Every structure is written in structure tokens, then in C-alpha cells.
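Engineer: Provided below are the primary sequence and the corresponding predicted coordinates.
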Amino acid sequence: MNKKEDTKMFQVSTLQALALGYSRSVTDIEHLMQHGDIGLGTFEDVNGEMIVVDGHCYRADENGVVSEADNKTGVPFASVTFFHEDKRSELDRIDNIDKLKEWLDLRIEEDFGLNSMHIVRIDACFKRICARSESGYRAHHVTLKEALSKTQRDFYFDDINGTLVCVYYPDYMDGINASGWHLHFVSDDRKSGGHVFDLSLIKGTARFDKITDIHIMLPHEPAFDTYALKGASKDEIKSVEQGK
């Protein structure tokens, strides 16, 4: 395959659907991994945070404990691609997640990339990672925010080395996915991880992959058409994304 064919984002369902409570399985890990070796998402019934890196799919449970996901585990929402490095940059002394997102914005803006999708892999030493995950909540038409209010736990990893998977969608794709940056973390020993809502980075290397094509796999079952996707609250989505 050539570079253009390789750099396609494969997405399962939409963030609007997940936000409104469509957390049923759309596909499974085995099928998802045929479409990418890096990315992020969640599992059926929002049962943990998904981190895909180096061709392996990991699940961070509600305590931030990571294990490799079983191939038959259901997937309601995810974004993956086959990673092809376009460029890399060194970074150090990033005090919080807002500063990291600003730094990432500047890097992709340099290449006139703000209207494209991106996946960035950051391998780094961190002073602290502030993350969250959740246990499953088996109920449908219950919003993601409400489900997480019952199942989400926050946790912190200090003095840890690991990988951030950073996914960027442009503003005009808001609702299909979260506009801006969405970050998940897994430690080098693949034992700790989760959805990142703050961090302090000491030193690391960022590798960028610009993506200009997307395939969205929508749910096939009739229940999907009972969700009023335009009714998904942008404020709720932003609140959930930021871990609040």
C-alpha cells in the first residue's frame, strides 16, 4: 500500500452516539485491529479505557490497571490507524495538559494541518499523569456523563515512563469525535494507564502522523436509529472529555 492509502482513520460509531448512551458492541477487538496499530476508544458498556499501541489493544480498568484486551471483547467506539511517522519533535518541561495541547496545535499548524486529523505518539518521562477510567454500566439511553458519574474513578501515576496516544479531530468534525485533542496513556511496562485529563511531562519525543481520510463503521442494529444524535450536548461531551 502507498502512504495515502495507509493513513486512513478507522472509526467505530460516533461520539454523539456514545454520549447519548449507545454503548453496545458495534464490532470486536479482532476486527478493529485489522484497521490499525495505534489509537484509542472504549469497550462495550464503557467498561474501561482503550489504548492501542504497537499493534496491541490494552484495557485500563477503573483502578488504572492495564491488561491486554481479549479479541472477542466488544467495541462501541474507537479510532485507530496504521501509524506512519511524518515528523518528530523533542519536548520537555510541559507543566500541564493545556500547555501540551497548545504545543501540539503549534506543531500541526506549522504544516497547515489544523483541518486534518492527526495521531501523535509521545514517548516520555512524566512527573505525573492524572487519569481516569471506569467499570461497565449496562444501561442504554443513559448518557455517558450519567454513567461515568456512577462508575468513573480518578487516579495518579508519579515518576512514570510511558506512551501518550494523542488523537486530534478538527472543529468541523465535532460530534463525530471530540474536536481537539483526546489523550490516553499506557506505561512502558503496560501495567498502568487510562484517559488523561492532566499531566506533567519532564522530557519526551513526539511522532506525528497526519491523516486525511476516514472510514466510519456505524452500528447496524435498528436501536441505533432511536438515538437523536443532534441532541448530544457539546457541553456534556467537553465535560466528560476533560474528566470533570
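Structural biologist: On my side now, so go ahead.

Engineer: Only C-alpha atoms from now on, for both contacts and neighbour counts.
Structural biologist: Fine.

Engineer: Work out which residue lies at the spatial centre of the protein.
Structural biologist: Residue closest to the mean C-alpha point of the chain, counted by C-alpha atoms, centre = their mean, is Leu40 at 3.6 Å.

Engineer: which residues does it contact?
Structural biologist: When the contact criterion is C-alpha atoms under 8 Å, 6 or more residues apart in numbering, the partners of Leu40 are 49-52, 78-80, 165, 167, 184.

Engineer: just Lys230 next, same as before
Structural biologist: By C-alpha under 8 Å, 6+ apart, Lys230 lies in contact with Gln16.

Engineer: Ranking helices and strands of this protein by mean pLDDT, which lands last?
Structural biologist: Ranking every helix and strand in the chain by mean pLDDT, DSSP states H and E puts helix 3-6 at the bottom, with a mean of 52.

Engineer: neighbours of the closest residue to Phe224 other than its chain neighbours, just the number please.
Structural biologist: Using C-alpha to C-alpha, 6 or more residues apart in numbering and skipping residues adjacent in sequence, the residue nearest Phe224 is Tyr22, 7.2 Å away. Using other C-alpha atoms under 10 Å, Tyr22 has 29 other residues around it.

Engineer: Tyr22 is in what secondary structure piece?
Structural biologist: For Tyr22, there is no enclosing helix or strand under DSSP states H and E.

Engineer: again with Lys203
Structural biologist: Using DSSP H and E, the element containing Lys203 is strand 193-211.

Engineer: now swap in Ile108 and tell me
Structural biologist: Judged by DSSP H and E, Ile108 forms part of helix 97-110.

Engineer: cool, and Val52?
Structural biologist: Per DSSP H and E, the secondary structure element for Val52 is strand 49-53.

Engineer: Surely Trp181 touches Leu164?
Structural biologist: No: Trp181 is beyond contact range of Leu164, at 11.4 Å (criterion: C-alpha atoms under 8 Å).

Engineer: Can you tell me the strand partners of the helix or strand following the strand holding Lys203 and which way each runs?
Structural biologist: Of the helices and strands lying after strand 193-211 in sequence (DSSP H and E), the nearest is strand 213-217. The pairing partners recorded for strand 213-217 under DSSP bridges are strand 8-12 (parallel).

Engineer: looking just at contacts, which helices and strands does whichever helix or strand comes after the strand it pairs with meet?
Structural biologist: Using DSSP H and E, the helix or strand that follows strand 8-12 in sequence is helix 15-19. When contacts are defined as 3 or more C-alpha pairs under 8 Å, 6 or more residues apart in numbering; DSSP states H and E, helix 15-19 sits against helix 144-151.
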